[in-house]
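Student: Okay, sequence plus prediction incoming.
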Amino acid sequence: RPPPLSPPYQLRYYTSNISTMMLSHLRRIATRSTTTAMRRHLSTPAPSSGIMTLNFNLPQETLYEGAEVSSVVVPGSMGEYEVTADHVPIVAELKAGLLTIKHGDGEDEKYFVPGGFSLTHEGSTTDIICPEAVKVDDLDAAAVSANYEAAKSKASSAEAGSAEAAEAMIEVEVNKAMGSALGLTMA
C-alpha cells in the first residue's frame, strides 16, 4: 500500500514503481531468451538424411501422405522458396504459381496451385494445403490463353471497385500465373 503523499508525489511514486516492475520483467525475459538461444546455438544438430516428409492435401483428396522427397519448391506469397530436409519451421501463404516436388531419383513433379498454405515443422515434415492442384502437364496452353484474354476483357468492362472487378482481376492473375507455369508470355 503506497504511503499517503500529496498528489504530485503520488504520481512519481506510481511511475517509479511501474518502471521498476517493467525493468524487472524485461530482465527476466531477456535472460530466458538469451539462455534458450545460447542452448540452441551450442547444440549439435542431428545428421541430416537429405530426405524430408511431404503431406500434400486438397479438400477432396490427399495427393501425398508421408511421402519421402528431396525437396519442395513453394510459390510463397512473399517469394518462391525451396524446402529441404532440416529446413527451419515456417508457415507461408501460397500465391498462384508452380509447386515443384523433387524426388530422390532426380525426377521433378510440377503442379499449378491457385494458392493455399505451406507449414514446415521441425523434423523435416512439410504440409501443403491447397484448394486445388493441377499437374502442369494436364494444362492446355490454348485454353489458358483464351481464359486470360476473357478475364482481361471482363476486368476492363467491370465497374471500378466493384466485386465483379475484383473477381475479374483474380481471374487475370491466376490465368497469368498458369501461363507462366506453362512458359507462356502473357501481356
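Tutor: Arrived safely, thanks for sending.
Student: Tell me where the protein has strands.
Tutor: Taking DSSP state E as the test, the strands found in the chain are 52-57, 62-69, 71-76, 79-84, 90-94, 97-102, 108-113, 116-121, 125-129, 134-135.
Student: now for those strands, which one comes closest to Gly183?
Tutor: Smallest distance to Gly183 across these (C-beta to C-beta): 10.4 Å, for strand 97-102. Glycine gets a C-beta too; all of them are placed from N, C-alpha and C.
Student: and that closest one, how far out from the chain's middle?
Tutor: Relative to the centre of its chain, strand 97-102 is centred 14 Å away, using C-alpha atoms, centre = their mean, to the nearest Å.
Student: Remind me what that strand packs against, helices and strands.
Tutor: strand 62-69, strand 71-76, strand 108-113, helix 163-182 (3 or more C-beta pairs under 8 Å, 6 or more residues apart in numbering; DSSP states H and E).
Student: Adding mean neighbour count, mean pLDDT and distance to Ala133, write these out as TSV.
Tutor: Converted to TSV, the helices and strands packed on strand 97-102 look like this (neighbours: other C-beta atoms under 10 Å; pLDDT from 0 to 100; distance: least, C-beta to C-beta, whole Å):
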stretch	mean neighbour count	mean pLDDT	distance to Ala133
strand 62-69	14	94	7
strand 71-76	21	94	12
strand 108-113	19	95	4
helix 163-182	18	90	12
